[in-house]
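Chemist: Just the structure for this:
(2 chains)
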Number of protein chains: 2
Amino acid sequence: MSNHKEVRVFAPATVANVAVGYDILGFAINRPGDEIVARFNPELDGLKITAITGTGNKVLPFDVEKNTAGVSAQRLLEHLGKADVGIELEVHKRMPFGSGLGSSAASSAGAVVAVNELLGAPLSRESLLYFTVLGEVVADGSFHADNVAPSLVGGITLIRSNESLDIHHLPVPENLHVAVIHPDLEILTKDARAVLSDTVPLGTAVHQMGSLASFIVALYTNDLPLLGRSLHDHIIEPQRKQLIKGFDDVKAAAMSRGALGCSISGAGPSMFAICDSGYLAQAVGQGMIEAFAAHGINSQLYVSPINQEGVVVL
Amino acid sequence: MSNHKEVRVFAPATVANVAVGYDILGFAINRPGDEIVARFNPELDGLKITAITGTGNKVLPFDVEKNTAGVSAQRLLEHLGKADVGIELEVHKRMPFGSGLGSSAASSAGAVVAVNELLGAPLSRESLLYFTVLGEVVADGSFHADNVAPSLVGGITLIRSNESLDIHHLPVPENLHVAVIHPDLEILTKDARAVLSDTVPLGTAVHQMGSLASFIVALYTNDLPLLGRSLHDHIIEPQRKQLIKGFDDVKAAAMSRGALGCSISGAGPSMFAICDSGYLAQAVGQGMIEAFAAHGINSQLYVSPINQEGVVVL
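Modeler: Residues are numbered from 1 along each chain as shown, chains lettered A, B, ... in the order given. Got it, this is the predicted structure:
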């Protein structure tokens, strides 16, 4: 490690889709997440990934153009006319891949914030969003902001349009806590997409739109019973739950212990349960661990309020 | 006319669907609407429809069980154990049928309020909703509240679930006015439904959900530019606009004059344009009249704020 100036950040994991808002809703949680370090190195003539840790038995590419954090940071540097500045990037994974917790999004969000801060923060947090989405394109081939937006800025975010990155922060009811459970299963995002039908019955779409709209109303009116009545996924969950062994039992465990709602986090296999207190979220999460265990599946529980900070400089 | 006690009410027309919320959103306007009279008549042994006016060259049934106002009132009387009370019901249509302005809904809403008031208002306004929806079943065969709810209680209403009649009032941004235009064309609700595909492409459904969610956000945050960006119907309008001669030109006329959004009212052929002032709504409406006229179609314009009262006792 050199003595050159560096910036170290933490970028939080995220829950996308949130039952009612496939591809348009997401929220951040306090843990897990990734740590990213950006450091000036005058001996380099551009960006270089110099360390990747925490990947377990998997491998992430060091090639800047093939790494989600690298691509995001590189496009930002090019936009700023700083592509020739020598910068080391370290990616310290503190969360599982392919988990449905926005692993690639956290790396992208952390990388652009770290690099932007290193350069004196020429861009606002919101202006960085575009570059994080370019990282997502490397990760799974699609231009979508439902993980990167909440990881970057925190809170519950609505993506009106991925094309124009029209993003809105939604109010977070007091006391809302979430139990997020990551079972020792793996689903590739592309497989999770492949299982989905190309079409939705019109009646199902209408039903889902009613749930989505009332979810938004519940956030604005702090109406937790309505939030609970609204948190139903009529479109995606019925198709994807087959990919998660024990899903029905785990969901039943969460609901029977008092969760307001429970569904798949992102493309899975992680699941989330929204609760009206941290205490309840802990109990609900414990029940979900036990339900997975009854199917012979180990799992990791994270209990958190909705993260409101997004990426933080450490 | 007898000297017995009577109640006369006005029930407003409504715009359902509202571009972003097929079958789940509706709002009321000040005019047009229906007048309904309920009057005790001890010579009768139950409910009888004694007058129907304003139907032009069309005919509405006097048979209580075949008339949307009659059925709604009859079910209410049965619920209250008052089915043997002699009551005359008069239905004075002050709005066109088959117009997409909730004609049957206004009659139902007016009838139940008139009868409820006549009996000393034993039920709350919200409790009357169920009976109005039964009237809609007679009118078009489906159990839906997107017209009756706003006609009954006013404002912009969200139907989370038609099955459980979980209804929510949404905030109305200041100054919001609407131009509603009824062209001299007729579309039957059943034909308007028949033209719709049974399925929606998943990507289109997601796009529509983003627009719906941001429309709700715009109402809560009084963000009229966002309201304008949100007011797009990606699902229904592209399929139904073929039923409305001149649609594209009329919409273009509204948008070019500054409307925030313009789409089909209910099942059509009426169209609505939402504007940020009454002055603008008048100008926009005038442009819409001219655009229909260029296609040889006469039309009637109504300019109104969002009606906040619903049915009023006169």
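Chemist: switch to C-alpha atoms for all contacts and neighbour counts from now on
Modeler: Fine.
Chemist: Phi and psi next, for the most far-flung residue of chain A relative to its centre.
Modeler: Within chain A, the residue lying farthest from the chain centre (Cα atoms, centre = their mean) is residue A:43, at 34.5 Å. Main-chain torsions, residue A:43, degrees, to the nearest 10: phi -80, psi -10.
Chemist: OK, contacts around it?
Modeler: Applying Cα atoms under 8 Å, 6 or more residues apart in numbering or on different chains to residue A:43 gives the contacts residue A:86.
Chemist: And the pLDDT for it?
Modeler: Among the per-residue scores, residue A:43 holds a pLDDT of 96.
Chemist: same thing with residue A:98?
Modeler: At residue A:98, the pLDDT value in this model is 83.
Chemist: What of residue A:190?
Modeler: Here the pLDDT value assigned to residue A:190 is 74.
Chemist: check which helix or strand covers residue A:77.
Modeler: helix A:68-79 (DSSP states H and E).
Chemist: chain center to stretch A:24-34, what's the gap?
Modeler: Taking the mean of its C-alpha atoms, stretch A:24-34 sits 4 Å from the chain's own mean (Cα atoms, centre = their mean, to the nearest Å).
Chemist: same check, this time on stretch A:76-90
Modeler: Worked out by Cα atoms, centre = their mean, stretch A:76-90 lies 25 Å from the chain centre.
Chemist: for stretch A:283-296, same thing?
Modeler: Mean C-alpha position of stretch A:283-296 versus that of the full chain (Cα atoms, centre = their mean) differs by 22 Å.
Chemist: CA atoms of it as PDB?
Modeler: Taking C-alpha atoms only, stretch A:283-296 is exported to PDB below (Å, rounded to 0.1, in the frame of the first residue of the first chain):
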ATOM      1  CA  ALA A 283     -38.000 -12.900  15.400                       C
ATOM      2  CA  VAL A 284     -39.400 -13.200  11.800                       C
ATOM      3  CA  GLY A 285     -35.900 -13.700  10.500                       C
ATOM      4  CA  GLN A 286     -35.200 -16.400  13.000                       C
ATOM      5  CA  GLY A 287     -38.300 -18.200  11.900                       C
ATOM      6  CA  MET A 288     -37.200 -17.900   8.300                       C
ATOM      7  CA  ILE A 289     -33.800 -19.400   9.200                       C
ATOM      8  CA  GLU A 290     -35.500 -22.400  10.800                       C
ATOM      9  CA  ALA A 291     -37.800 -22.900   7.900                       C
ATOM     10  CA  PHE A 292     -34.900 -23.000   5.500                       C
ATOM     11  CA  ALA A 293     -33.100 -25.300   7.900                       C
ATOM     12  CA  ALA A 294     -36.000 -27.700   7.800                       C
ATOM     13  CA  HIS A 295     -35.300 -28.100   4.100                       C
ATOM     14  CA  GLY A 296     -31.600 -28.700   4.800                       C
END
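Chemist: Going by neighbour count, which residues of that stretch are buried?
Modeler: Judged by neighbour count using 16 or more other Cα atoms under 10 Å in any protein chain shown, the buried positions of stretch A:283-296 are A:283-292.
Chemist: what's the domain layout of chain A?
Modeler: A:6-170, A:177-305 (automatic domain parsing).
Chemist: highest average neighbour count across those?
Modeler: Among the domains of chain A, domain A:6-170 has the highest mean neighbour count (mean count of other Cα atoms under 10 Å in any protein chain shown), at a mean of 22.
Chemist: follow-up on the earlier one: of the buried residues of stretch A:283-296, which belong to helices?
Modeler: Of the buried residues of stretch A:283-296, the ones assigned to helices by DSSP state H are A:283-292.
Chemist: now those residues as JSON lines including pLDDT and distance to residue A:186?
Modeler: Shown next, in JSON lines, are those (pLDDT from 0 to 100; distance: Cα to Cα, whole Å):
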{"residue": "A:283", "pLDDT": "98", "distance to residue A:186": "25"}
{"residue": "A:284", "pLDDT": "98", "distance to residue A:186": "22"}
{"residue": "A:285", "pLDDT": "98", "distance to residue A:186": "20"}
{"residue": "A:286", "pLDDT": "98", "distance to residue A:186": "21"}
{"residue": "A:287", "pLDDT": "98", "distance to residue A:186": "21"}
{"residue": "A:288", "pLDDT": "98", "distance to residue A:186": "17"}
{"residue": "A:289", "pLDDT": "98", "distance to residue A:186": "17"}
{"residue": "A:290", "pLDDT": "98", "distance to residue A:186": "19"}
{"residue": "A:291", "pLDDT": "98", "distance to residue A:186": "18"}
{"residue": "A:292", "pLDDT": "98", "distance to residue A:186": "14"}
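Chemist: could I get these as CSV with distance to residue B:61?
Modeler: Output for those, formatted as CSV (distance: Cα to Cα, whole Å):
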residue, distance to residue B:61
A:283, 60
A:284, 57
A:285, 59
A:286, 62
A:287, 59
A:288, 58
A:289, 62
A:290, 62
A:291, 59
A:292, 61
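Chemist: Among those, which one sits closest to chain B?
Modeler: Distance ranking of these against chain B, using Cα to the nearest Cα, places residue A:284 first at 26.5 Å.
Chemist: Excluding residues flanking it in the chain, which one is nearest the closest one?
Modeler: Nearest residue to residue A:284 in three dimensions, chain neighbours excluded: residue A:254, at 5.1 Å (Cα to Cα, 6 or more residues apart in numbering or on different chains).
Chemist: which residues touch that neighbour?
Modeler: Each residue near residue A:254 by Cα under 8 Å, 6+ apart is listed here: A:262, A:273, A:284-285, A:287-288.
Chemist: So which other helices or strands are in contact with the helix or strand containing residue A:37?
Modeler: According to DSSP H and E, residue A:37 maps onto strand A:25-40. Applying 3 or more Cα pairs under 8 Å, 6 or more residues apart in numbering or on different chains; DSSP states H and E, one finds that strand A:25-40 makes contact with strand A:6-16, strand A:87-92, helix A:103-118, helix A:148-153, strand A:156-161, strand A:299-305.
Chemist: Distance to residue A:26 added to the contacts of residue A:254, as CSV?
Modeler: Output for the contacts of residue A:254, formatted as CSV (distance: Cα to Cα, whole Å):
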residue, distance to residue A:26
A:262, 14
A:273, 14
A:284, 21
A:285, 20
A:287, 24
A:288, 21
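Chemist: So what sits opposite the residue nearest to the spatial centre of chain A in the bridge?
Modeler: The centroid of chain A falls nearest to residue A:14 when counting by Cα atoms, centre = their mean (2.5 Å). Taking DSSP bridges as the rule, residue A:14 bridges to residue A:28.
Chemist: likewise residue A:199?
Modeler: With DSSP bridges as the criterion, residue A:199 is bridged to residue B:201.
Chemist: Now do it, the pLDDT please.
Modeler: Reported pLDDT for residue A:199: 98.
Chemist: What of residue A:10?
Modeler: Looking at residue A:10, its pLDDT reads 98.
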